[in-house]
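Participant: Here's my sequence, what's the structure:
(one chain, ligands or ions: 2)
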Amino acid sequence: MQQVNFGIIGLGTVGSGVFDALKLNGDLLSSRIGVRVQIGRIAVRSIKKCSSKIPRNLLTENWRELIDDQKIQIIAELVGGTTIAREIVLAALKAGKPVITANKALISAHGEELFAAAKKFGTNLYYEASVCGGIPIIKSLREGFVGNRINALYGIVNGTCNYILTRMKLEGADFAGVLADAQRLGYAETPPDLDIDGHDAAHKIGILASLAHGFWVNPKKIHVEGIRHVSALDIKFAGELGYTIKLLGIVKKCSSACRVQVSVYPTLIPNSHVLASVNYAFNAVFVHGDVVGDSLFYGRGAGKDPTASAVLSDIADAALDLKFSNKHRIPPFVPHECEGAVLPIEEVVSQYFVRLNVADKPGTLAKIAAIFGQSNIGISSVIQPEGHEGKSVPLIFMLHYATNGAVQNALKKIGKLPVVKGKPVMLRVENFEK
Ligand code: NDP
Ligand code: HSE
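Facilitator: Ligands and ions are numbered 1, 2, ... in the order given. All right, here's what the predicted structure looks like:
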């Protein structure tokens, strides 16, 4: 059997997962693809810190040795970040070696440059592990749905945030404690702000949007909100209204040609929708293709083993590339609708949940309703728990479809009313209708 040696750069959570998974299933993988796949070298930052189960003869502290080593034919970049990782990927591609990465921050920031380099040097860049860990969503969009226009894609793509929101809802757990658990379990990025501020989800949703629509989505154009401001009170009221709050990535084609909503924000999802029951570190992507209709992908989106599973699938593809001289498959990224553009958030149309803290006194509701009315924003329901006259109470509005721009403007005015205490909370509602 032909043998292919690959080099791992970075032996942290994912790198060590790949090492263990290959030990477990390397023979199986090799027999399935007809190529013996072996770890040739491993680059780490500090050999002293490495587990004793890693053979010392494989280890180096200089990643460039792997690029220069003629016996290493594939490089797996599992370091993270966008500085050294970019250097590694470019150097490996320049050397004509297929590269595998789990690094969504890197693909999001430099994907265009890296795919161009892969093309220039006649090799490939694989990134299945960069979105939704073990779910083969990249391959599904690129190959399985190659004959579809993707009209809408909704994703719960950050395991850390989903884990936090799930435990806040089901256990009434507090944010900081659950975040510490997510870090201990190896779900969170370093630093975890990338997760909880929504940027990790934006990296992933941008990659999926680029694949689905065939133009590189500039990450700066993605509207991103994280989950820091989602309170126990919002989770409770959303629940009373029949909704669950999820950090949802949305890629939705608008009626005007080639304009696509690409956004990430905490969203109220009806409890009856399948995405509402995706819990803990699980991820899910709901895709609507014009030929296939609705499809759902569900699985573990973070952690050592699921991510290793995706890296192994890329290793198999890269090994097959080498065996068949790179000519038999759809390339990892295929530009097609190059004129596409991201729809500015102000123009995105949505429904809304608004929570205000107001003085419980005559005329309060009328003043707020008047501003929504003047802004041409319809109210679909109102809840105010029984309060004590003169004291502050929460006042919840569910709003009909309106543009984000109109709602933001109305809330600015409402926030200035003397009867409104503190900043209005606004969360969008997705009913999967438009
Ligand atoms: P870790 O921080 O656990 O691992 C990164 C490893 O790279 C560390 O061991 C680090 O060493 C090492 N490293 C840093 N610089 C170098 C260098 N110059 N040469 C050799 N090794 C180096 O991160 P993860 O394994 O969690 O993540 C790796 C990548 O996978 C990231 O891009 C991440 O976004 C992505 N990813 C992670 C998932 C997860 O669930 N963890 C899921 C999907 C993708 P040291 O510890 O000494 O700094
Ligand atoms: N920090 C990421 C998450 C890891 O929580 O989803 C998987 O990409």
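Participant: Ligand 1 versus the closest residue to ligand 2 within the stretch 1-150 of the chain, what's the distance?
Facilitator: Going by C-beta to the nearest ligand atom, ligand 2 is nearest to residue 133 of the stretch 1-150 of the chain, at 5.4 Å. All C-beta atoms are positioned from the backbone trio N, CA, C, and that covers glycine. Using C-beta to the nearest ligand atom, to the nearest Å, residue 133 is found at 5 Å from ligand 1.
Participant: Could you do residue 333 as well?
Facilitator: Distance of residue 333 to ligand 1, given as C-beta to the nearest ligand atom: 18 Å.
Participant: same thing with residue 26?
Facilitator: Here the criterion is C-beta to the nearest ligand atom. By it, residue 26 lies 20 Å from ligand 1.
Participant: pLDDT-wise, which helix or strand of the protein ranks last?
Facilitator: helix 175-184 (a mean of 92; mean pLDDT, DSSP states H and E).
Participant: after it comes which helix or strand?
Facilitator: Next helix or strand after helix 175-184 toward the C-terminus (DSSP states H and E): helix 193-196.
Participant: average pLDDT across that next one?
Facilitator: Averaging pLDDT along helix 193-196 gives 96.
Participant: Check stretch 248-257 too.
Facilitator: The average pLDDT within stretch 248-257 is 88.
Participant: What are the contacting residues of it?
Facilitator: 149-157, 201-202, 204-205, 208-209, 212-213, 259-267, 269, 275, 343, 430, 434 (C-beta atoms under 8 Å, 6 or more residues apart in numbering).
Participant: list the buried ones in that stretch?
Facilitator: 248, 249, 250, 251, 252, 253 (16 or more other C-beta atoms under 10 Å).
Participant: from those, which two are the most distant?
Facilitator: 248 and 253 (16.5 Å; C-beta to C-beta).
Participant: Around ligand 1, which positions in the stretch 201-350 of the chain sit nearby?
Facilitator: Residues of the stretch 201-350 of the chain that fall close to ligand 1, judged by C-beta under 6 Å from any ligand atom: 302, 303, 307.
Participant: Just the ones of the contacts of stretch 248-257 in strands?
Facilitator: Among the contacts of stretch 248-257, the residues falling in strands (DSSP state E) are 150-156, 259-267, 269.
Participant: picking that back up, next, format the residues of the stretch 201-350 of the chain next to ligand 1 as CSV and append secondary structure and distance to residue 331.
Facilitator: Formatted as CSV, those follow (DSSP: H, G, I helix; E, B strand; the rest coil; distance: C-beta to C-beta, whole Å):
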residue, secondary structure, distance to residue 331
302, coil, 27
303, coil, 29
307, helix, 23
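Participant: Could I have the buried ones of those as ChimeraX selection syntax?
Facilitator: One line in ChimeraX is enough to select the buried members of these, burial here meaning 16+ other C-beta under 10 Å:
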select :302,303,307
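Participant: are any of the ones in strands among the contacts of stretch 248-257 buried, and which?
Facilitator: With neighbours counted using 16+ other C-beta under 10 Å, these contain these buried positions: 150, 152-156, 259-267, 269.
Participant: ok, these vs ligand 2, which is closest?
Facilitator: residue 156 (9.4 Å).
Participant: now that closest one, which residues is it bridged with?
Facilitator: Using DSSP bridges, the bridge partners assigned to residue 156 are residue 284.
Participant: mind listing what it touches?
Facilitator: Applying C-beta under 8 Å, 6+ apart, we find residue 156 in contact with 162, 246, 247, 248, 249, 275, 278, 282, 283, 284, 285, 301.
Participant: that older thread, among the buried residues of stretch 248-257, which one lies nearest to ligand 2?
Facilitator: Comparing the buried residues of stretch 248-257 against ligand 2 with C-beta to the nearest ligand atom places residue 249 closest, at 11.3 Å.
Participant: and that closest one, which of the three is it?
Facilitator: Here residue 249 is strand, with the state taken from DSSP: H, G, I helix; E, B strand; the rest coil.
Participant: Roughly how far does it sit from ligand 1?
Facilitator: Applying C-beta to the nearest ligand atom, the value for residue 249 to ligand 1 is 15 Å.
Participant: Ok, residue 280 next?
Facilitator: 13 Å.
Participant: That residue sits in which helix or strand?
Facilitator: Assessed by DSSP H and E, residue 280 sits outside every helix and strand.
Participant: Just the pLDDT at it, thanks.
Facilitator: 95.
Participant: Would you check that it makes contact with residue 166?
Facilitator: Yes - contact criterion C-beta atoms under 8 Å: residue 280 and residue 166 qualify, at 5.1 Å.
Participant: Which one's more surrounded, the two?
Facilitator: More crowded of residue 280 and residue 166, by other C-beta atoms under 10 Å: residue 166, with 20 against 16.
Participant: Chain neighbours aside, what residue packs nearest to that one?
Facilitator: Distances taken as C-beta to C-beta, 6 or more residues apart in numbering place residue 279 nearest to residue 166, at 4.4 Å, with adjacent residues excluded.
Participant: check contacts around that neighbour.
Facilitator: By C-beta under 8 Å, 6+ apart, the contact set of residue 279 is 162, 166, 170.
Participant: Next step: those residues restricted to helices.
Facilitator: Residues of the contacts of residue 279 located in helices (DSSP state H): 162, 166, 170.
Participant: give the contact list for the residue of the stretch 1-150 of the chain closest to ligand 2.
Facilitator: By C-beta under 8 Å, 6+ apart, the contact set of residue 133 is 159, 283, 299, 300, 301, 302, 303, 306, 307, 309, 310.
Participant: helix, strand or coil for the third one?
Facilitator: By that I understand residue 299. Strictly by three-state DSSP, residue 299 counts as strand.
Participant: Bridged to it, which residues?
Facilitator: Following DSSP bridges, residue 299 is listed with bridge partners residue 283.
Participant: I'd like to know how many residues surround the closest residue to residue 271 other than its chain neighbours.
Facilitator: Leaving aside its chain neighbours, residue 271 sits nearest to residue 242 (5.3 Å; criterion: C-beta to C-beta, 6+ apart). For residue 242, the neighbour count with other C-beta under 10 Å is 11.
Participant: check contacts around residue 242.
Facilitator: Residues near residue 242 by C-beta under 8 Å, 6+ apart: 270, 271, 272.
Participant: Local confidence estimate at the last one?
Facilitator: This points to residue 272. For residue 272, the predicted pLDDT is 97.
Participant: Quick check: which element contains it?
Facilitator: Short version, using DSSP H and E: residue 272 is in no helix or strand.
Participant: Brilliant, that's me finished.
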